[in-house]
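Q: coords below, sequence missing:
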């Protein structure tokens with residue numbers, strides 16, 4: 001039997017690549033390796049579960065066995081690879097060597113963990129996958145007060161979702177606005193106001209200095225002296241592409257595992273896509289680029305070498321308290337921002353000196369203009 005195509009990871013990147021590959025090649029052996037239970041789910045839906053009153057089982061779309069049948073693949077769950085041997089085209093699972101024809105790294109990103117002083121570190125929950133969500137949801141049963149660490153996209157989405165689910169939410173982050181680096185300040189103000197209208201309380205500037213058990217709950221002490229009584233803490237301070245095993249195998253890494261436009265790493269027959277990959281210098285932790293990579297790489301693995309291209313990649317943020325779509329200007333392009341609207345309805349546009357649209361941030365009713373504006377945007381990776 002010939003060596004299989006091996007995909008490490010069964011998130012959106014791994015499963016969508018496998019689906020696209022099977023459309024083109026129904027016979028080549030296919031092995032997927034998952035560190036978790038291998039259930040198919042959409043990671044963006046993790047920040048909608050409380051508002052929709054769905055537990056982890058309700059967010060899952062298919063068990064690993066059903067996915068194995070659908071993909072004509074072997075899926076090994078709760079399995080972690082321990083090393084990669086590019087020279088011999090094999091990877092290691094403990095003492096077991098697994099040969100591959102082609103190896104695809106789709107193992108995603110890991111949460112950035114911020115150390116917290118105090119005796120309640122066990123009450124801080126990152127939510128990066130379905131099993132994380134299940135653990136937090138179980139811990140949140142019967143509780144009411146949640147402290148969210150981080151005011152980025154994920155922190156704001158969780159704040160919105162938890163509030164819709166009936167929780168009291170306070171958010172702490174060492175920044176001056178929500179989603180810094182992603183949003184124009186006017187759009188950020190609109191989103192923050194929308195969340196505050198739901199009841200979310202913001203503490204922008206300080207950090208969590210300590211967390212201790214107290215009176216049946218938790219006592220959170222911020223660096224500015226503020227004390228917050230809460231029951232649980234969500235850590236949403238950011239994600240970091242997983243690169244350690246790739247680096248140990250001699251693959252080139254930077255922010256992510258470095259790949260070219262064909263998603264190929266610095267070693268032949270090893271590819272990467274999704275949150276762990278830095279594609280031609282760009283690392284985007286969103287669904288649209290991931291899907292473009294899956295389609296292109298499937299063609300390459302099926303024998304038709306195909307370079308990926310990114311058109312405009314606007315991001316729809318799940319903050320129904322203030323609808324938001326943002327398309328940051330491409331790297332290396334400078335422009336000036338103009339802002340129209342007021343209150344919840346902000347249209348912030350970034351244009352270069354010739355008037356060409358480079359990016360935008362739309363909130364409230366202004367999101368209705370996204371389709372027209374998308375037609376003006378330059379591609380991120382032509």
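A: Great, that's in hand. Just so you know, these numbers come straight off a predicted model, no measurement behind them.

Q: can I assume residue 35 sits in a strand?
A: No - using DSSP: H, G, I helix; E, B strand; the rest coil, the secondary structure at residue 35 is coil, not a strand.

Q: what's near enough to touch it?
A: By CB atoms under 8 Å, 6 or more residues apart in numbering, the contact set of residue 35 is 78, 79, 80, 107. Where C-beta positions appear, they are placed from N, C-alpha and C, glycine not excepted.

Q: at 10 Å what do you get?
A: Shown in contact with residue 35 (CB atoms under 10 Å, 6 or more residues apart in numbering): 8-10, 76-81, 107-108, 129, 131.

Q: and this structure, what are its domains?
A: In terms of domains, the chain is parsed into 5-109+240-302, 113-235, 323-376 (source: the TED database).

Q: any chance of TSV for those domains, columns mean pLDDT and distance to residue 308?
A: Putting the domains of the chain into TSV (pLDDT from 0 to 100; distance: least, CB to CB, whole Å) gives the following:
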stretch	mean pLDDT	distance to residue 308
domain 5-109+240-302	97	4
domain 113-235	96	23
domain 323-376	96	15
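
Q: just put these in CSV and tack on distance to residue 314.
A: As requested, those are exported to CSV (distance: least, CB to CB, whole Å):
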stretch, distance to residue 314
domain 5-109+240-302, 8
domain 113-235, 12
domain 323-376, 4
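
Q: a markdown table for the contacts of residue 35, including distance to residue 257, secondary structure and neighbour count?
A: A markdown table is the format used below for the contacts of residue 35 (distance: CB to CB, whole Å; DSSP: H, G, I helix; E, B strand; the rest coil; neighbours: other CB atoms under 10 Å):
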| residue | distance to residue 257 | secondary structure | neighbour count |
| --- | --- | --- | --- |
| 8 | 11 | strand | 26 |
| 9 | 12 | coil | 25 |
| 10 | 18 | coil | 28 |
| 76 | 21 | strand | 18 |
| 77 | 23 | coil | 17 |
| 78 | 23 | coil | 11 |
| 79 | 20 | coil | 17 |
| 80 | 17 | coil | 12 |
| 81 | 14 | coil | 20 |
| 107 | 9 | coil | 29 |
| 108 | 11 | coil | 25 |
| 129 | 19 | coil | 20 |
| 131 | 23 | helix | 14 |
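
Q: now tabulate those in JSON lines and tack on distance to residue 259.
A: Shown next, in JSON lines, are these (distance: CB to CB, whole Å):
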{"residue": "8", "distance to residue 259": "14"}
{"residue": "9", "distance to residue 259": "15"}
{"residue": "10", "distance to residue 259": "20"}
{"residue": "76", "distance to residue 259": "24"}
{"residue": "77", "distance to residue 259": "26"}
{"residue": "78", "distance to residue 259": "27"}
{"residue": "79", "distance to residue 259": "24"}
{"residue": "80", "distance to residue 259": "22"}
{"residue": "81", "distance to residue 259": "18"}
{"residue": "107", "distance to residue 259": "14"}
{"residue": "108", "distance to residue 259": "15"}
{"residue": "129", "distance to residue 259": "23"}
{"residue": "131", "distance to residue 259": "27"}
